[in-house]
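A.B. asks: Next input, structure requested:
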Amino acid sequence: MMKGVFKLTNVLILGANGSLARVAIDIFLKETDLQLTLYLRNSRNLIHIDSNRVQVIEGDVLDIEKLKEAMVGQDVVYANLAGSLESMAISVVEAMNASGIKRLIWISSMGIYDEVPGESYGSILDPYRKSAAVIEASDLDYTILRPGWFTNKDEIDYETTQKGEPFKGHDVSRKSIADLIVKLAKTPGLEIRRSLGVGKL
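C.D. replies: Coordinates of the predicted model:
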């Protein structure tokens with residue numbers, strides 16, 4: 001790789017201690033040369049990662065000024081969050097707009113559009129619905145992922161469906177979702193402004 005010709009991509013991972021994020025971090029480090037910034041509330045919870053491609057920032061996503069600082073120099077934001085999701089989505093969109101970053105990978109849940117055949121998840125998914133609506137109303141280059149129930153299977157086996165299509169399958173391995181996250185992060189223009197169901201048949 002000639003120096004100065006290719007720019008290494010910098011990925012900011014929000015909620016970096018989540019079970020899915022930890023699997024994604026592992027794949028990022030093993031299969032790419034991307035630079036990672038791990039943003040989480042309590043860095044002591046993070047399993048030690050011995051890599052010169054990783055930096056850790058302790059902060060809350062709702063702390064907009066801290067979040068803006070973390071976004072300096074980033075190319076891709078991957079958000080793997082839990083809690084006040086609508087407020088978090090508003091904070092992420094505001095910080096990305098202020099920082100001039102366009103690419104967002106946002107983890108949501110299957111069922112937010114009542115797209116799972118035979119299932120109606122009702123108000124339990126409202127935080128996911130509302131946060132996805134915030135992302136979709138933005139002008140970011142987002143991809144929303146709507147995975148099924150997570151499993152710990154050591155496999156990469158999944159299918160995706162677009163918004164408006166019935167969801168296929170129900171559960172899916174963390175490794176499968178992480179594989180898709182890494183593909184999206186390292187492939188400019190892939191599934192831009194799309195909301196993808198992710199399940200295993």
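
A.B. asks: low-scoring stretches of the protein, by residue?
C.D. replies: Low-confidence segments of the chain (pLDDT under 70): 1-8.

A.B. asks: If you count residues, where's the longest helix of the chain?
C.D. replies: Once the chain is assigned using DSSP state H, the helix that runs over the most residues is helix 85-99.

A.B. asks: Give the buried residues for it.
C.D. replies: Leu85, Glu86, Met88, Ala89, Ile90, Ser91, Val92, Val93, Ala95, Met96, Ser99 (16 or more other C-beta atoms under 10 Å). In short, each C-beta sits where N, CA and C put it, glycine included.

A.B. asks: can you check stretch 109-128 too?
C.D. replies: Residues Ser109, Met110, Gly111, Ile112, Tyr113, Glu115, Val116, Leu125, Pro127, Tyr128 are the ones in stretch 109-128 that count as buried (16+ other C-beta under 10 Å).

A.B. asks: on contacts alone, who are the packing partners of the longest helix of the chain?
C.D. replies: helix 64-71, strand 76-79, strand 103-107, helix 126-137 (3 or more C-beta pairs under 8 Å, 6 or more residues apart in numbering; DSSP states H and E).

A.B. asks: okay, the ones you listed in JSON lines with distance to Ser43 next?
C.D. replies: Compiled in JSON lines, the helices and strands packed on helix 85-99 are given as follows (distance: least, C-beta to C-beta, whole Å):
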{"stretch": "helix 64-71", "distance to Ser43": "13"}
{"stretch": "strand 76-79", "distance to Ser43": "18"}
{"stretch": "strand 103-107", "distance to Ser43": "21"}
{"stretch": "helix 126-137", "distance to Ser43": "24"}
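
A.B. asks: Tell me which of those lies nearest to Val11.
C.D. replies: Comparing the helices and strands packed on helix 85-99 against Val11 with C-beta to C-beta, the closest turns out to be strand 76-79 (4.6 Å).

A.B. asks: And for the closest one, what's in contact with it?
C.D. replies: By C-beta atoms under 8 Å, 6 or more residues apart in numbering, the surrounding residues in contact with strand 76-79 are 9-15, 21, 24, 61, 71, 88, 92, 96, 101, 103-107, 181, 185.

A.B. asks: returning to what we had before: Val134: which of the buried residues of helix 85-99 is nearest?
C.D. replies: Ala89 (4.0 Å).

A.B. asks: what sits against that closest one?
C.D. replies: Trp106, Lys130, Ser131, Ala132, Val134, Ile135 are the contacts of Ala89 under C-beta under 8 Å, 6+ apart.

A.B. asks: can we see that at 10 Å?
C.D. replies: By C-beta atoms under 10 Å, 6 or more residues apart in numbering, the contact list for Ala89 reads 61, 79, 81, 104, 106, 108, 127-128, 130-138.

A.B. asks: Noted, bye for now.
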